[in-house]
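Asker: here's a sequence, model it:
(chains A, B, C and D)
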4 protein chains.
Amino acid sequence: MSSQPTHRPDPLRVVVWCEGRPERVDPEVARRYPHGMNGAIAEGVEEHLGARVRVTTADLDQPEHGLDEETLAATDVLTWWGQLAHREVSDEVVKRVHRRVLAGMGLVVLHSGHLSKIFRRLLGTSCTLRWRDAAERELVWTVDPTHPVAAGVPHPLVIEEQETYGEFFDIPAPDELVFVSSFAGGEVFRSGCAFRRGLGRIFYFSPGDQAYPVYHHPDVRRVIANAVAWAAPEAVTEPPRLTHSEAGWFERSSGA
Amino acid sequence: MSSQPTHRPDPLRVVVWCEGRPERVDPEVARRYPHGMNGAIAEGVEEHLGARVRVTTADLDQPEHGLDEETLAATDVLTWWGQLAHREVSDEVVKRVHRRVLAGMGLVVLHSGHLSKIFRRLLGTSCTLRWRDAAERELVWTVDPTHPVAAGVPHPLVIEEQETYGEFFDIPAPDELVFVSSFAGGEVFRSGCAFRRGLGRIFYFSPGDQAYPVYHHPDVRRVIANAVAWAAPEAVTEPPRLTHSEAGWFERSSGA
Amino acid sequence: MSSQPTHRPDPLRVVVWCEGRPERVDPEVARRYPHGMNGAIAEGVEEHLGARVRVTTADLDQPEHGLDEETLAATDVLTWWGQLAHREVSDEVVKRVHRRVLAGMGLVVLHSGHLSKIFRRLLGTSCTLRWRDAAERELVWTVDPTHPVAAGVPHPLVIEEQETYGEFFDIPAPDELVFVSSFAGGEVFRSGCAFRRGLGRIFYFSPGDQAYPVYHHPDVRRVIANAVAWAAPEAVTEPPRLTHSEAGWFERSSGA
Amino acid sequence: MSSQPTHRPDPLRVVVWCEGRPERVDPEVARRYPHGMNGAIAEGVEEHLGARVRVTTADLDQPEHGLDEETLAATDVLTWWGQLAHREVSDEVVKRVHRRVLAGMGLVVLHSGHLSKIFRRLLGTSCTLRWRDAAERELVWTVDPTHPVAAGVPHPLVIEEQETYGEFFDIPAPDELVFVSSFAGGEVFRSGCAFRRGLGRIFYFSPGDQAYPVYHHPDVRRVIANAVAWAAPEAVTEPPRLTHSEAGWFERSSGA
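Answerer: The predicted structure is shown next:
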């Protein structure tokens, strides 16, 4: 930990990962997201971060879900969306991503990704919640205006139609709670949550469903782009490990 | 700090403090709260904690607002409600209460007490918020079910008519966020917040207004009683102070 | 979550779990802990909590490690110590304990238990640290004097000889950081950490090694007893789960 | 809050404020810090942030302590060091700085600045601690390696001689605890603490005393520069204030 570079990688290497199933099985979704959900999310990140990022996409049906060792080794921030097929994600790939997050890679988990294997493994809880689907209005309120992910985001951010998520959301108390949503039916939800695990930063943002055009919403895109920029590490190195030391080991380690 | 007793005082000496003005100037409030707002809150605490507490009340128009040195020295937990007359509270009394909280006294701040001098002094921010008054339904959701203040509280707790409070609520991020409310008009509010300052515990709970019978609501009473029990210290001692030590001062201080 | 009882179980049913191996393979350890490490820890809990607890012990070499469904269903708080044989703990038992913690059971993890499967699964990180073994003095400092686990604990708590643990300790930032230790060689360690996961409370306390008589230390025993009392739930129910609701589902659920 | 720009000011306008007294009354200090403590701190910030900052200095003995309305209105981040003369700082200036921090200005408080009026006002506690002065070695350990202020900082950072600060440090639990120090005599201290108040970010870093050449230490300079960069806001606007709204006020406010 003693010799990280002090500037973030430039450009950031971002992989947008979506399961890729809803747009394949449901023509409505395919019409809504003509470039796939992956495509819509990637466009939003590029729109806001421009030359600061180099974005690629990957999905479940690629070999190793498009997340082989080599690809991950060249990824600074990974975004994750899944819904129908969490169980089809290989345990081996989950273990690899887990290791990489602890080593510093940023992770942005979106919407129904709350039940993904990787999110549950990193957080340790069930990550369950209460839901309804009634095309209700969601209002996303900023409760931490000092947070970089909230920069430039309207207060509230208004989403005309969305699936409803409600508490109790079984996550550890976020290290930083940034957004709280209300839904027309009365539910509230901790919709923007920052976590720090190992050397990595994780952001969960709940808006975004295959059944609504939420990933075309300009403010939602801004939040996701902000989250990618915030989650970027100085550098991805090695995950923390058990270390044995001799007394006074640090005497020759400092720049002092 | 090295020799606190390890059982809480029994019974807890609780002072319920309300400004006492609205019920005097508005016959509607007097009808709604025939024993004053103080009386209603005190009844709720006694109802739930019974022989575990000895409750008295105090208000703004008593000498030293009923919070003279002797009274405070014999108080384990203080609850605070004010609205019209925050500025009339003496700075001397505020300083005294502040000192006592840092020394361990519990403090439960209610509703419009968010703008009281004592709350702002303890938290350091403006403690401002956004409000409307439209007799809307408030739903109070538990986001930390492990917290003692949430024990036995319905999820959600439903209040048919309430004043509306909304974010951004300018407080430090609570040490423990227990409740989040939504209002029929769409606002959200961090309505149950625990803070630890000095040796003292502080709980803020937003439901409760002179214009609504909220302090007769059985679940609201339970929350306030839970908050009183939670905020109670092992003992109130002295506030932390600047201390000079010699090297090895602690060698003779431990029970080891 | 809407109908928990509001008093903790009485007496608390506590299971003290230790691996049980060091005292079997090392006569020094057996001499140091004539009733086993399990025995020493159980005595400390009983010494401080008396009639408030009913303590039993269990270890690795019992069938299902002494943690069959029936036993766990009758356990309010579990304490965990392991070192040599983390890998021998059955995944099935870990899954069962995990589920039970999310449902509300308290868990107190001791010393080298930081690398146990259950702790790593609940926290999601590697839970690794830096260590040396040089019989150095450990000083345990209270950084949150409002916390129930710190009640009656000397500041600092002095342990004449201990194994040295040092940062970086790869855990999520604790929900409440209660103790920080220094060691004679200069290392620091977050030695008392509270976490809330699902409906359960978890406390990690680092002092305590088979090679030192730490579990006979009166202040260490007090901390462990405090942690058991703090971690006790109102009641253990069911773990949180994914729930589908209809609009307005809560209207008939409240006592309002 | 709905229309912040999304890029930080460039260059950052930084004011380094030191009381300026020790170097005037003590020739040893003047020899140690030939350009004043202000000068040493400013050099460190410029050394690391270069063209990203424009640094000026101010001290107690200037009119309005060099912190008149106009200067503050043009300041993005303020650093604060004081020791002998906290009481001489004008309450009017403290109020002005407080207001500006809530409006978004970053604040970096150094060493004995823990007892400054502005730090105590922002945090609400006594901010007292335990101290000795014995030229002991301080080791500064990183406990949050994901934090931008820790980037490029050795683990541990070694300071050969320093004044000793010890717990209990009476501050609110930091929003992010980044560094914990040990001292040769055994004390520990939460030496690097991040707070968020209103729209502003605050960092406290304890190393640095007039009696030691700590502000010439390359790693200490890096931490202070990192803290300045981290505390910088997107923009300083107005402090949060009490706001009355009509129902549905937000419908025309969003980009949605």
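Asker: give the contact list for A:Arg196.
Answerer: By C-beta atoms under 8 Å, 6 or more residues apart in numbering or on different chains, A:Arg196 lies in contact with A:175, A:202, C:172-173, D:144, D:146-147. Placement of C-beta: from N, CA and C, glycine included.
Asker: same thing but at 7 Å, please
Answerer: A:175, C:173, D:144, D:146 (C-beta atoms under 7 Å, 6 or more residues apart in numbering or on different chains).
Asker: with A:Glu246 instead?
Answerer: Residues near A:Glu246 by C-beta under 7 Å, 6+ apart: C:Arg132.
Asker: count of neighbours near A:Pro34?
Answerer: 9 (other C-beta atoms under 10 Å in any protein chain shown).
Asker: confidence score at it?
Answerer: As predicted, A:Pro34 sits at a pLDDT of 95.
Asker: tell me which element it is part of?
Answerer: Here A:Pro34, judged by DSSP states H and E, is contained in no helix and no strand.
Asker: out of the contacts of A:Arg196, grab the one that's most surrounded.
Answerer: D:Thr146 (24 neighbours).
Asker: what about the closest residue to that residue other than its chain neighbours, distance to A:Glu176?
Answerer: Leaving aside its chain neighbours, D:Thr146 sits nearest to A:Arg196 (4.4 Å; criterion: C-beta to C-beta, 6 or more residues apart in numbering or on different chains). Distance, A:Arg196 to A:Glu176, by C-beta to C-beta, to the nearest Å: 9 Å.
Asker: please apply the same query to A:His147.
Answerer: For A:His147, the distance to A:Glu176 under the criterion C-beta to C-beta works out to 6 Å.
Asker: tell me where the stretch 1-150 of chain A has helices.
Answerer: Ranges of helices in the stretch 1-150 of chain A, per DSSP state H, counting those that start in this stretch, are A:22-25, A:27-32, A:36-49, A:69-73, A:91-102, A:117-123.
Asker: dump the ones you listed into TSV; add distance to A:Ser181 and mean neighbour count as well.
Answerer: Shown next, in TSV, are the helices of the stretch 1-150 of chain A (distance: least, C-beta to C-beta, whole Å; neighbours: other C-beta atoms under 10 Å in any protein chain shown):
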stretch	distance to A:Ser181	mean neighbour count
helix A:22-25	22	18
helix A:27-32	21	13
helix A:36-49	19	21
helix A:69-73	31	14
helix A:91-102	25	19
helix A:117-123	18	22
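Asker: so which of these comes closest to chain D?
Answerer: Chain D lies closest, by C-beta to the nearest C-beta, to one member of the helices of the stretch 1-150 of chain A: helix A:36-49, at 8.1 Å.
Asker: give the other helices and strands that that closest one contacts.
Answerer: strand A:12-18, strand A:53-59, strand A:77-81, helix A:218-231 (3 or more C-beta pairs under 7 Å, 6 or more residues apart in numbering or on different chains; DSSP states H and E).
Asker: dump these to JSON lines, plus distance to chain B.
Answerer: Output for those, formatted as JSON lines (distance: least, C-beta to the nearest C-beta, whole Å):
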{"stretch": "strand A:12-18", "distance to chain B": "28"}
{"stretch": "strand A:53-59", "distance to chain B": "29"}
{"stretch": "strand A:77-81", "distance to chain B": "23"}
{"stretch": "helix A:218-231", "distance to chain B": "16"}
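Asker: make TSV out of those and add mean neighbour count, mean pLDDT and distance to chain D.
Answerer: Below are the helices and strands packed on helix A:36-49 laid out as TSV (neighbours: other C-beta atoms under 10 Å in any protein chain shown; pLDDT from 0 to 100; distance: least, C-beta to the nearest C-beta, whole Å):
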stretch	mean neighbour count	mean pLDDT	distance to chain D
strand A:12-18	25	98	15
strand A:53-59	19	98	15
strand A:77-81	26	98	13
helix A:218-231	24	98	5
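Asker: quick one, strands of the stretch 101-250 of chain A?
Answerer: Listed in chain order, the strands of the stretch 101-250 of chain A (DSSP state E, counting those that start in this stretch) span A:106-110, A:130-142, A:157-166, A:176-183, A:188-197, A:200-205, A:243-244.
Asker: so which of the ones you listed comes closest to D:Ser116?
Answerer: Closest to D:Ser116 of those is strand A:176-183 (C-beta to C-beta; 26.3 Å).
Asker: remind me what the closest one packs against, helices and strands.
Answerer: Strand A:176-183 sits against strand A:130-142, strand A:188-197, strand B:176-183, with contacts defined as 3+ C-beta pairs under 7 Å, 6+ apart.
Asker: got CSV for these, with distance to C:Gly248 and mean pLDDT too?
Answerer: What follows is the helices and strands packed on strand A:176-183, written out as CSV (distance: least, C-beta to C-beta, whole Å; pLDDT from 0 to 100):
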stretch, distance to C:Gly248, mean pLDDT
strand A:130-142, 10, 96
strand A:188-197, 15, 98
strand B:176-183, 13, 98
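Asker: measure A:Phe195 to A:Gly106 for me?
Answerer: 11 Å.
Asker: ok, the residue in chain A that chain B sits nearest to to B:Ser182 distance?
Answerer: Of all residues in chain A, A:Ser182 sits closest to chain B, at 4.3 Å by C-beta to the nearest C-beta. Separation of A:Ser182 from B:Ser182 (C-beta to C-beta): 4 Å.
Asker: who touches both of these two?
Answerer: A:188, B:188.
Asker: which residue is nearest the middle of chain A?
Answerer: By C-alpha atoms, centre = their mean, chain A has its centre lying nearest to A:Val108, at 1.1 Å.
Asker: partner residues bridging that residue?
Answerer: Listed beta-bridge partners, A:Val108: A:Thr79, A:Phe203 (assigned using DSSP bridges).
Asker: isn't it right next to A:Ala231, touching?
Answerer: Yes: counting by C-beta atoms under 7 Å, A:Val108 does reach A:Ala231; the two are 5.8 Å apart.
Asker: give me the common contacts of these two.
Answerer: A:77, A:203.
Asker: which residues touch A:Arg197?
Answerer: Counting by C-beta under 7 Å, 6+ apart, A:Arg197 has contacts A:101-102, A:122, C:124-125, C:172.
Asker: tell me what it is bridged to.
Answerer: Taking DSSP bridges as the rule, A:Arg197 bridges to A:Gly200.
Asker: separation between it and A:Pro239?
Answerer: On the measure of C-beta to C-beta, A:Arg197 and A:Pro239 end up 10 Å apart.
Asker: same deal with A:Gln83?
Answerer: A:Gln83 sits 28 Å away from A:Pro239, going by C-beta to C-beta.
Asker: try A:Pro156
Answerer: 38 Å.
Asker: neighbour count for the two, which is higher?
Answerer: Remark: of A:Pro156 and A:Pro239, A:Pro156 carries more neighbours, 28 against 19, as counted by other C-beta under 10 Å.
Asker: residue ranges in chain A under the pLDDT threshold?
Answerer: Applying pLDDT under 70 to chain A flags the ranges A:1-7, A:252-256.
Asker: correct me if wrong: the residue of chain A closest to chain B contacts B:Ala184.
Answerer: No: using C-beta under 7 Å, A:Ser182 is not in contact with B:Ala184; the gap is 9.8 Å.
Asker: higher neighbour count, those two?
Answerer: A:Ser182 (33 against 18).
Asker: residues from the stretch 151-256 of chain A in reach of chain B?
Answerer: By C-beta under 7 Å from any C-beta of the partner chain, the residues of the stretch 151-256 of chain A that approach chain B are A:155, A:167-168, A:173, A:177, A:180, A:182, A:186, A:188, A:190.
Asker: run the last query once more with 8 Å
Answerer: Residues of the stretch 151-256 of chain A found near chain B (C-beta under 8 Å from any C-beta of the partner chain) are A:155-156, A:166-169, A:173, A:176-177, A:180-184, A:186-188, A:190.
Asker: could you give me the ChimeraX syntax to select whichever of these are buried?
Answerer: Selection command for ChimeraX covering only the buried members of these, criterion 16 or more other C-beta atoms under 10 Å in any protein chain shown:
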select /A:155,156,166,167,168,169,173,176,177,180,181,182,183,184,186,187,188,190
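Asker: residues near the closest residue to A:Leu115 other than its chain neighbours, how many?
Answerer: Distance criterion C-beta to C-beta, 6+ apart; nearest residue to A:Leu115, sequence neighbours excluded, is A:His86 at 5.5 Å. Residues lying near A:His86 (other C-beta under 10 Å) number 19.
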